[in-house]
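**Q** sequence and computational prediction follow.
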Amino acid sequence: MSKTIRLTMAQALTRFLSRQMTEVDGKKVPIFGGVWAIFGHGNVAGIGEALYQVRDELPTFRAHNEQAMAHAAIAYGKANFRRRFMAATTSIGPGALNMVTAAALAHVNRLPVLFLPGDVFANRLPDPVLQQAEDFSDGTASVNDCFRPVSRYFDRITRPEQIIPALNRAMQVLTDPAECGPVTLSLCQDVQAEAYDYPESLFAERVWIPRRLRPDRNELAAAIAALKGAKKPLVIAGGGVLYSQASGELAKLVQGAGIPVCETQGGKSSLPDDHPLNMAAVGVTGTSAANRLAEEADVVLAVGTRLQDFTTGSWALFKNAGRTIIGLNTQVFDAGKHWALPLIADAAEGLSELSAALKGWKVPAAWTDNALKGKTEWQAAAAKVTASTNAAYPSDAQVIGAVQRAMGSGVTLLHAAGGLPGELHKLWQAGAPGSYHAEYGFSTMGYEIAGGLGAKMAKPDQEVVVMVGDGSYLMLNSEIATSVMLGLKLTIVLLDNRGYGCINRLQMATGGANFNNLLKDARHEVMPDVDFAAHAASMGANAEKVASIAELETALAKAKKNDRTTVLVIDTDPLVSTEAGGHWWDVAVPEVSSRPQVNAARKKYEEAVGSRQG
Ligand SMILES: Cc1ncc(C[n+]2csc(CCOP(=O)(O)OP(=O)(O)O)c2C)c(N)n1
Ligand SMILES: [Mg+2]
C-alpha cells in the first residue's frame, strides 16, 4: 500500500498548492504567488487554519473587498503572462458572490485564477446556516452555483477525497493555454475540516512547463498558401502573442516579409510602439494607420485574438469582400471564428513556422510603404492631441501625454474602463511586452486599482501606473489601503470629469438626452464634490490634486522617486475624446422614439449596419 497522510481536506488543498512549481527564466519558482483571503465562518476554521500551516511557502494576503482581491489575483496572472497565478478564498454567501464578477472577468479574458469560496454544509444538518440561500425545489443548489457559467472548471467538494481529482483537473485548466481561465472549487464548510488519509504522492513537487503546440501540417500549408497569395496582408496581434511571449517571432516574421502589424487592447505592446511596422491600435479605438490597412487587407493573420467587436469594428472594419482570415490560436473556438482558416498552435511556434516557410517572400513594396506613411501621419495626429496645454479642463489625451512624458515607456500602464481605454489604446506609446495592461475584455469598472496591486506583485521592480476615472475610483478603491499596508507602490492618476463621461458621450451619440451619467445630469439634492485627494490620503497614500498638466508632470516626477502609493487627481473635460482614428461600433439605437435626435441617430445607425460585411 502506498503511504498516506491524514489531513483535513483544507490542509491537503493548501499543501498541494504550495508544492506546484513552474520555471521562469530557467529558475524553478512556485506557480502560485500566494492566496488572497477574506475570512468568515465559511472558511476561517477550515481553509484559514490550513493556510496558516503553509504561510511560509504559500503566503496569504488580506484584502478589503473580495471582488478587488480577485482582481489583484487575476492581474497577477496576466502580468505574469499566465505563467504564474494566485488563489482567492472567501467565506460563503456575500463574500463568495462578491467574486462572481471577477470570475467573469477572468473567464472573458482567458486568465488563470483559482477561486476557493466557502460553501454551505454538505451534511446539511445545521441548515439553514447564516448566509445560506434556500431553494424550495433543489436541495443541491447554493449561491455558489452562480460561479458555474463564469468558471472554466467548477466543482463542489462534498467529500474530502473529491479534492484529489479536482486538483488534478484544476491544474490542467490553469496551465493549459487553450482552456485557461478561472477555476472554482467550492468548498463545503464541514468538508474543509474533515480528515482523510491522502496518498503522500499527491504532495510530490510538480513542475508545470507551459505547453507549446506546434501547427498541424495541413493547416500550416493552407495558411502559407494564403499568405503567399496575399498582396495586402495584415497581422492582428492579440493577447495570445503576449501570453506566448512571441514578440520576437512576430517581429521576425513581419520584418522578413514587410507585413504591417496592428494590435488589439489585449495585444498592445506585442511590438514596441516605435517599431516601424507597428500600426498600433486597431478597431473602434484604432489608429488611422491601422484601420486604413484593415479596410483594405486581403489576408488578415489574426494571432491570439478573440476578435471581439472593438477589434473588428463590429465586423464592419474589414471591407475587402474577398479577404481571408487566418486564425492562429491555441483555442479551436477562436481559431475558426468567422470562417477563418484555423491554424491551431502556440503563437510563437506558429509564427516561427510561418517565418521559415515564407523566407525570402516579400509583400508588394507599395503596401509596406503605404503602411509606413500611414504610421507617420498617425504619429503627427497623436502628437497634436497629447501636447501640453494650460486649459483648465484638459482632455484625457492631454493627461495621457503628460503621463507619458513624465513616466516614459518603461512603466507598466494599467487601465480598464471609462473613456481611458479608447484613448490609451490609440495614444499610449508602449514599450516592452506586457508594459500595457488593459482589462478590456470585460472592461470592469473597479479593476484598475486592485489590478495595479496584482501587477505590482508580479513585477515588484517595475513602476506600475494606474489611470482611472472618477467613476471607477468611486466604485472600488479600497485596495489603496492594501497597497500601502503591503508596501506595494502604485502611481494612480485619477481623471475627475465628474461623472460617467464616456457613457454620456455614447448617450449623446445615440441621440439620447444628457441623463443620469454626469453627476450634474443625475437626480440630486446636493451636487457632489468629492475630495478624492483627501479620500486617498485617508488610506495612507500620498495624494495631491493638481491644477494643470504642468503640475501633473511635476507631481509625477516626485511620485516616481517615492516608495509609497501616490494618488494624483486632475479635473478633466467630460465632453472631449480623440476624433482622429477610430471606427464605428454597433450600439443598438431605438427604432422609434419621440425624440428627433434619436430618430436621426437611428438613420445613421441603419446606414452603418448596412455596411457590415458578412
Ligand atoms: C462594473 C461596471 N459597471 C458599469 C460599466 C459601464 N460603464 C463603462 S464606462 C462607465 C463610466 C466610467 O466612468 P469613469 O470611470 O468616471 O470614466 P469616464 O467615462 O468618465 O472616462 C460605465 C458606467 C462597466 N464597464 N463596469
Ligand atoms: Mg468620469
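**A** Arrived safely, thanks for sending. Ligands and ions are numbered 1, 2, ... in the order given.
**Q** only C-alpha atoms for contact and neighbour calcs from this point on.
**A** Noted.
**Q** ok, which residues in this structure are in contact with ligand 2?
**A** Residues of the chain lying near ligand 2 by C-alpha under 5 Å from the ion: 469-471, 497, 499-501.
**Q** narrow those residues to those in strands?
**A** Members of these lying in strands (criterion: DSSP state E): residue 469.
**Q** columns pLDDT and neighbour count on top of the residues of the chain next to ligand 2, output as TSV?
**A** Formatted as TSV, the residues of the chain next to ligand 2 follow (pLDDT from 0 to 100; neighbours: other C-alpha atoms under 10 Å):
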residue	pLDDT	neighbour count
469	98	29
470	98	21
471	98	23
497	98	23
499	98	21
500	98	20
501	98	26
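**Q** of the residues of the chain next to ligand 2, list those near ligand 1.
**A** The subset of these lying close to ligand 1, counting by C-alpha under 6 Å from any ligand atom, consists of 469-471, 497, 499-501.
**Q** so which of those residues are in helices?
**A** Among those, the subset assigned to helices under DSSP state H consists of 470-471, 501.
**Q** who does the longest helix along the chain touch, helix- and strand-wise?
**A** Ordering each helix of the chain by length in residues (DSSP H) puts helix 365-386 first. Here helix 365-386 touches strand 278-281, helix 288-296, helix 396-407, going by 3 or more C-alpha pairs under 8 Å, 6 or more residues apart in numbering; DSSP states H and E.
**Q** can you do 10 Å?
**A** strand 233-237, strand 278-281, helix 288-296, helix 396-407, helix 420-427 (3 or more C-alpha pairs under 10 Å, 6 or more residues apart in numbering; DSSP states H and E).
**Q** which of these sits closest to residue 39?
**A** Closest to residue 39 of the helices and strands packed on helix 365-386, according to C-alpha to C-alpha: helix 420-427, at 33.9 Å.
**Q** could you see whether ligand 1 lies near the next helix or strand after the closest one?
**A** Next in sequence after helix 420-427, counting helices and strands by DSSP states H and E, comes strand 436-438. No. With C-alpha under 6 Å from any ligand atom as the criterion, ligand 1 is not reached by strand 436-438; the gap is at least 12.8 Å.
**Q** spatially, what comes nearest to the spatially most central residue of the chain if we skip its sequence neighbours?
**A** The residue lying closest to the centre of the chain (C-alpha atoms, centre = their mean) is residue 439, at 2.9 Å. Ranked by C-alpha to C-alpha, 6 or more residues apart in numbering and with sequence neighbours excluded, the top spatial neighbour of residue 439 is residue 416, at 4.6 Å.
**Q** tell me if I'm right that the one you found and residue 423 touch.
**A** No. Shown here, residue 416 and residue 423 do not form a contact pair, counting by C-alpha atoms under 10 Å, at 11.5 Å.
**Q** the two: which has the busier surroundings?
**A** Using other C-alpha atoms under 10 Å, the more surrounded residue of residue 416 and residue 423 is residue 416, with 27 against 21.
**Q** report pLDDT for that one.
**A** Predicted confidence (pLDDT) for residue 416: 98.
**Q** same check, this time on residue 613
**A** Reported pLDDT for residue 613: 65.
**Q** before we move on, the earlier item: the helices and strands packed on helix 365-386: which one's closest to ligand 1?
**A** Proximity to ligand 1 (C-alpha to the nearest ligand atom) singles out helix 420-427 among these, at 5.6 Å.
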